[in-house]
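Participant: turn this into a model:
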Amino acid sequence: MAKMLDGMEALLRGEVLPPAAATLLGMRLVSFAAGEALVQLDATAAHGNPMGTVQGGIVNFLRAVRTGRIAARALVKNAGRTLGLIECDVLDADGKLVAHAVSTCMILRAAPAEGR
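Facilitator: Now for the predicted structure:
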């Protein structure tokens, strides 16, 4: 966990580049603490679908908004050796809850990402 927190601190200080997908989508890490993180995205027409709303698959930012700042606040509810349970609230620019997601995530520890 300490290694991950060090990486997130370096990301906030601008010492390391954000993940490529975050850069592509325009997402940015705003704050974090052990077991939680706040990420923001300024939704624009570039995030839209043919119906004129934000594409639903954009990292669980599910609200049908045309443009505006939305934020996702994730909280680790339980982290075991191989599985983690995460809850995520998605908030609009006014801080109104617009979506809630729950996810079970597999924790990959030793194997490098390349070749998985």
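Participant: got the buried residues for stretch 40-51?
Facilitator: 40-41, 43, 47-48 (16 or more other C-beta atoms under 10 Å). For glycine as for every other residue, the C-beta is placed from the backbone atoms N, C-alpha and C.
Participant: I'd like to know how far the nearest residue to residue 91 once chain neighbours are set aside sits from residue 7.
Facilitator: Spatial nearest neighbour of residue 91, excluding adjacent residues (C-beta to C-beta, 6 or more residues apart in numbering): residue 71 at 4.9 Å. Separation of residue 71 from residue 7 (C-beta to C-beta, to the nearest Å) stands at 21 Å.
Participant: more neighbours, the two?
Facilitator: residue 71 (17 against 12; other C-beta atoms under 10 Å).
Participant: my guess is the more buried one contacts residue 96. True?
Facilitator: No - Residue 71 is beyond contact range of residue 96, at 10.9 Å (criterion: C-beta atoms under 8 Å).
Participant: list the helices and strands the host helix or strand of the residue nearest to residue 91 packs on?
Facilitator: Following DSSP states H and E, one finds residue 71 within strand 68-79. Applying 3 or more C-beta pairs under 8 Å, 6 or more residues apart in numbering; DSSP states H and E, one finds that strand 68-79 contacts strand 36-43, strand 83-91.
Participant: looking only at pLDDT, what's the mean for the first one?
Facilitator: The reference is to strand 36-43. In this model, strand 36-43 carries a mean pLDDT of 83.
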